[in-house]
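[1] test case, fold it:
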Amino acid sequence: MSALLKDVNEQDEFELSADAGDQPAFELEALQPESDHEAQPLQAELYLPEDNAENPELPPQFEFEGMARPVFSVALDDGRAVRFQHAHSLLESLEAQDVDVHYQCREGYCGSCRAQLLEGDVHYNTEPMAWLNDGEILPCCCIPKSHIKIKL
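    Prediction:
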């Protein structure tokens, strides 16, 4: 019994042979992909969104005649100031404007992004699960209702 094998690059050929009395220690079996999807290599790259949360291509909200789009200033305790207008959360807006905020879950469960609200009011899109003391906010799940000042 003999078999002719080729490597995947089809550059070399190998021959396996066994005498009729010898039993091979193993058998080779060709695996065929079940579908074209399995034949494709897995994606090993991480794709991040290319858009900026504070500068969307199309405005995500309706503009009503006579009403200006709400824009709130966010003052930081270190003297920097950013603006909040289009983002889905305060954390998303801060990140889009290169403000470093520590976070983990982005959904109000862990409390890692906890900040002190020094001035102003916020609205929670989803009720946070993490424990909050008086004067603390979770930027990952809130948006400003007025101009605010925070301490990260």
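[2] any idea of the mean pLDDT for the longest helix along the chain?
    Using DSSP state H, we find that the single longest helix of the chain is helix 90-96. Mean pLDDT, helix 90-96: 93.
[3] what's in contact with that helix?
    With contacts defined as Cβ atoms under 8 Å, 6 or more residues apart in numbering, helix 90-96 is touched by 52-55, 74, 82-87, 101, 103, 106, 113, 122, 137, 139-140, 142-144. Where you see a C-beta, it was placed from the backbone N, CA and C, and this is true even at glycine.
[4] and after it, which helix or strand comes next?
    strand 115-119 (DSSP states H and E).
[5] Provide the strand pairings for that next one, with the direction of each partner.
    Sheet pairing of strand 115-119 (DSSP bridges) gives strand 136-137 (antiparallel), strand 148-151 (antiparallel).
[6] not counting its own residues, what contacts the following helix or strand past the first one?
    Next in sequence after strand 136-137, counting helices and strands by DSSP H and E, comes strand 142-144. Applying Cβ under 8 Å, 6+ apart, the external contacts of strand 142-144 come out as 72, 74, 84, 87-90, 120-125, 128.
[7] mark which of those are buried, thanks.
    With burial judged by 16 or more other Cβ atoms under 10 Å, the buried subset of the contacts of strand 142-144 is Phe72, Val74, Phe84, Ala87, Ser89, Leu90, Gly120, Val122, Pro128.
[8] so the fifth one sits right up against Pro139, yeah?
    Yes. In this structure Ser89 lies within contact range of Pro139 using Cβ atoms under 8 Å: 6.6 Å.
[9] who touches both of those two?
    With Cβ under 8 Å, 6+ apart, Ser89 and Pro139 have no common neighbours.
[10] what helix or strand is Ser73 on?
    strand 72-76.
[11] picking up where we left off before, would you turn the strands paired with strand 115-119 into JSON lines with distance to Leu94 and mean pLDDT?
    Below are those laid out as JSON lines (distance: least, Cβ to Cβ, whole Å; pLDDT from 0 to 100):
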{"stretch": "strand 136-137", "distance to Leu94": "12", "mean pLDDT": "96"}
{"stretch": "strand 148-151", "distance to Leu94": "9", "mean pLDDT": "96"}
